[in-house]
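*Asks:* model the structure of this input:
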Amino acid sequence: MEKDLSNYRKSYDKGELLLKDTPENPMELFQKWFFEVDRHFPEDETNAMTISTLGEDGYPKNRVVLLKKYTYEGFIFYTNYNSEKGKSIDINPNVCLSFFWAGAERQVIIRGKAEKIAENLSDGYFESRPRGSQLGAIVSNQSEIIESREALEAKLREYEIAYEGKDIERPKHWGGYIVKPVSIEFWQGRANRLHDRISYKLEEDYAWSKNRLSP
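*Replies:* Numbering: from 1, shown residues only. This is a model prediction of the structure:
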């Protein structure tokens, strides 16, 4: 099987990113971009992000998760702590997050350290989830081999009966992580592949430095 993709090209011309126009704190620029993409490009799932971890086998792995909150401190998402990503984070908390917003021709790449958030915060978010999603967090032994789709759905039906009329407590193996950034790079597509790249780095005094990178 062979397919030549060498003629796949797109010209980027929807915006610019100049160093003089960027704030001192990258989280302010992230918020600005997030709001703009969310408003003008609804076809993009704005809070979908790729998280990269280094696995137990020494290989990096990327997968898409959903950003559920961001603050000046970092980026929060939720998952099964016993999943492949959770085990990888236990071994090496250094991770990379990336957002690609095709409609806006923008990308954000975040390097940082992941750590579990407080249990009461995970409890609060779990309580806000739809009941089906709550049960799904209990039913799924994420990343483990399963017999079949039918077995998974049968297990869900069992739990639906067991919890009928009852509140569902958050399982201890499920909760949130916050990724505290040490660097954030903003990429704006430009014509002739001369893209704008502004990189922020967290310094020892916790101030951010920023520089323009060559495309």
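*Asks:* dig out what L66 forms beta bridges with.
*Replies:* A48 (DSSP bridges).
*Asks:* quick one, what contacts it?
*Replies:* E45, N47, A48, M49, F77 (CB atoms under 8 Å, 6 or more residues apart in numbering). Every residue, glycine included, has its C-beta placed from N, CA and C.
*Asks:* state the distance from the first one to P181.
*Replies:* When CB to CB, to the nearest Å is the yardstick, E45 and P181 sit 21 Å from each other.
*Asks:* circling back: and the contacts of L66, which of them are buried?
*Replies:* Taking 16 or more other CB atoms under 10 Å as the criterion, what is buried in the contacts of L66 is N47, M49, F77.
*Asks:* quick one, helices of the protein?
*Replies:* Using DSSP state H, the helices of the chain run over 26-40, 84-91, 119-128, 131-139, 149-162.
*Asks:* now do the strands in the protein.
*Replies:* 48-54, 60-66, 69-70, 75-80, 94-101, 106-116, 174-188, 196-202, 208-213 (DSSP state E).
*Asks:* CSV please, covering these and showing mean pLDDT and distance to L17.
*Replies:* Output for the strands of the chain, formatted as CSV (pLDDT from 0 to 100; distance: least, CB to CB, whole Å):
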stretch, mean pLDDT, distance to L17
strand 48-54, 98, 19
strand 60-66, 97, 24
strand 69-70, 98, 19
strand 75-80, 98, 20
strand 94-101, 98, 13
strand 106-116, 98, 8
strand 174-188, 98, 4
strand 196-202, 98, 4
strand 208-213, 98, 9
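*Asks:* of all the ones you listed, which one is nearest L18?
*Replies:* strand 196-202 (7.2 Å; CB to CB).
*Asks:* and the gap between G132 and F126?
*Replies:* Taking CB to CB, one finds G132 at 13 Å from F126.
*Asks:* actually, F99.
*Replies:* Per CB to CB, F99 is found 24 Å from F126.
*Asks:* okay, the two: which has more neighbours?
*Replies:* The neighbour comparison of F99 against F126 (other CB atoms under 10 Å) goes to F99, with 23 against 19.
*Asks:* for the more buried one, give the beta-bridge partners.
*Replies:* Beta-bridge partners of F99, as defined by DSSP bridges: V108.
*Asks:* that one reaches V108, doesn't it?
*Replies:* Yes. F99 is in contact with V108 according to CB atoms under 8 Å; the separation is 4.5 Å.
*Asks:* quick revisit: now render the strands of the chain as a markdown table, adding distance to K32.
*Replies:* Putting the strands of the chain into a markdown table (distance: least, CB to CB, whole Å) gives the following:
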| stretch | distance to K32 |
| --- | --- |
| strand 48-54 | 17 |
| strand 60-66 | 20 |
| strand 69-70 | 12 |
| strand 75-80 | 16 |
| strand 94-101 | 13 |
| strand 106-116 | 11 |
| strand 174-188 | 10 |
| strand 196-202 | 13 |
| strand 208-213 | 15 |
